[in-house]
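Undergrad: turn this into a model:
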Amino acid sequence: MSEFLQHLVNMLVLGGTYALLGIGLTLIFGIMNVVNFTHGVLYTFGAYIMFIVVQQLGLNFFLALPVAVLAGWLLGAAIELTLLRPLRGSDIDTTMLVMIGAWIAMQSGTLWIWGGVAKSVATPFPEAPLVLGPVSVSWLRLFVLAAAAMLILVTYLLINKTSLGRAMRATFQDHDTASLMGVNVDMIYTSTFAIGSSLAAAAGALLGPVYVIFPQMGDLAAVKAFAIVILGGLGNITGAVIGGFILALAEELGAGYVSSGYRDAMGFLIIIAVLIFRPTGLFARAERVG
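TA: Predicted structure coming up:
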C-alpha cells in the first residue's frame, strides 16, 4: 500500500507538467489547426532558460520560472509571426513540413550551442525529503507540483474568464464568424501560439531541475503531449489536464509493477486502446469548445 501511495505522489508531480504540455498543444492544434512539431523544442528551450538564469547568470531560482515562461511566449510569438502567418490559408501538409523543418533547425541549433553534454540546475531546496507517513517526496517535486497547478489554474481562468479567452473560444468554433464579429483573428492566432509555447517552456523549466537538461530531451515530451491530446480530445482543456494525469499514472504504475523499461510503453498502450475504441478522445465534446 505504501508503494502505491508513493506512485500516486510521483504521478501528481509528473501529471501536472504533462498537463501543461497537453494544454499548450491542444490550444494550438484546436484553434489554429497547426500540428506544432516545435512543441518539444520549446520544452527544451524552457529548461535551458532555467539553466542560463540560475547557473550562468546566478539569479534567483524562483525568478527563473517566470523568465522561462516569458521567453517561451516571445519565441512562440516569433515562430507564429515569421513562419505560420505567411502560410495562413495553406494546406496542412505545407504547414507540417515547415514546422518539421523548424523543429529540426531549432534542435540542431540547441545542440550546436550547448553540445551534447547534459546540464543540471542547482536548487535552493534541502536534499532531505518531506516524509509523510509511508510517503516521501522531495521539496523540489512539491514546488514543481504547486507551480504546475498554479499555471493550470491561470490558464483556465484566462481561457474562461477573460475577453481574450472568449475571443479564442469563438475563433476555435468558427474563425470566419468570429472575424465578422470583430475578433482580430491574426492576433488570436499569435496569442494562442505564444500561450501554448509558454506552457511548453514552463513544463521544461519545471522538470529540467528534477532531471538533467540535454538538447533531445523534448522529443519524448512532444510525443507524450500528442498522446495527451488524443486522450483528452481535441481542444478540450479539461480533457488535456485529465489526460496528463492519466498518462502519468499509467507510467508510474507500469514502472512500479511491471518494469521501469515499460514506463513509456504503458502510457502508449492506453493511447492505442483509445484510438481503437474512442478515436475522438475520452473527453471529446459534441461541439468544438475550448
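
Undergrad: in stretch 132-145, which residues are buried?
TA: Buried positions in stretch 132-145, judged by neighbour count with 16 or more other CB atoms under 10 Å: 135, 137-138, 140-145. Just so you know, the C-beta spots here come from the backbone N, C-alpha and C atoms, and that holds for glycine as well.

Undergrad: stretch 254-263 now?
TA: 254-255, 262-263.

Undergrad: one step back: which ones among the buried residues of stretch 132-145 are found in helices?
TA: Among the buried residues of stretch 132-145, DSSP state H puts 140-145 in helices.

Undergrad: about what we covered before: which one among the buried residues of stretch 254-263 gets closest to V183?
TA: For the buried residues of stretch 254-263, the closest approach to V183 (CB to CB) belongs to R263, at 42.7 Å.

Undergrad: now do the SS call for that closest one.
TA: Judged by DSSP: H, G, I helix; E, B strand; the rest coil, the three-state class of R263 is helix.

Undergrad: what sits against it?
TA: If a contact means CB atoms under 8 Å, 6 or more residues apart in numbering, then R263 has 251-252, 254-255 as its contacts.

Undergrad: now L25
TA: 36, 39, 196, 200, 225-226, 228-229, 240.

Undergrad: which stretches of this protein have low pLDDT?
TA: Per-residue confidence of the chain (counting by pLDDT under 70) places the weak regions at 1, 284-290.

Undergrad: longest helix anywhere in it?
TA: The longest helix of the chain (DSSP H) is helix 2-32.

Undergrad: and the next element down the chain from that helix?
TA: Next along the chain after helix 2-32, taking DSSP states H and E as the criterion, comes helix 39-51.

Undergrad: show me where the stretch 101-250 of the chain has helices.
TA: Listed in chain order, the helices of the stretch 101-250 of the chain (DSSP state H, counting those that start in this stretch) span residues 139-161, 163-173, 175-180, 185-207, 217-232, 237-257.

Undergrad: surely L249 is in contact with G15?
TA: Yes. Counting by CB atoms under 8 Å, L249 sits close enough to G15 to count as a contact (7.0 Å).

Undergrad: over to V121: give its phi and psi.
TA: Torsion angles at V121 (phi, psi; degrees, to the nearest 10) stand at phi -120, psi 130.

Undergrad: counting neighbours, what do you get for the nearest residue to G254 once chain neighbours are set aside?
TA: Beyond its immediate neighbours in the sequence, the residue positioned closest to G254 (CB to CB, 6 or more residues apart in numbering) is M266, lying 2.8 Å away. Close neighbours of M266, defined as other CB atoms under 10 Å, add up to 19.

Undergrad: gap between M266 and F245?
TA: For M266, the distance to F245 equals 14 Å [CB to CB, to the nearest Å].

Undergrad: ok so, going back, report the two of the contacts of R263 separated the most.
TA: Of all pairs in the contacts of R263, the most separated under CB to CB is E252 and G254 at 7.3 Å.

Undergrad: re earlier: and which of the contacts of L25 is nearest A118?
TA: Distance ranking of the contacts of L25 against A118, using CB to CB, places A200 first at 19.8 Å.

Undergrad: ok so, going back, tell me which two of the buried residues of stretch 254-263 sit farthest apart.
TA: Longest distance between any two of these is 6.9 Å, between A255 and Y262; criterion CB to CB.

Undergrad: who are the neighbours in contact with the nearest residue to G208 once chain neighbours are set aside?
TA: Nearest in space to G208, with sequence neighbours left out and distances taken as CB to CB, 6+ apart, is A47 at 3.2 Å. A47 is in contact with 68, 204-205, 207-208, 213, 217, counting by CB under 8 Å, 6+ apart.

Undergrad: L63 is in contact with I49, correct?
TA: No. I49 lies out of contact with L63 (CB under 8 Å); the separation is 11.3 Å.

Undergrad: and these two? Which one has more around it.
TA: In this comparison of I49 against L63, neighbours counted by other CB under 10 Å, the higher total goes to I49 at 23 against 12.

Undergrad: distance of that one from I276?
TA: 39 Å.

Undergrad: please apply the same query to Q107.
TA: The value you get for Q107 to I276, if CB to CB is used, is 32 Å.

Undergrad: those two: who's more crowded?
TA: When Q107 and I276 are compared for neighbours, Q107 comes out ahead with 18 against 8, by other CB under 10 Å.
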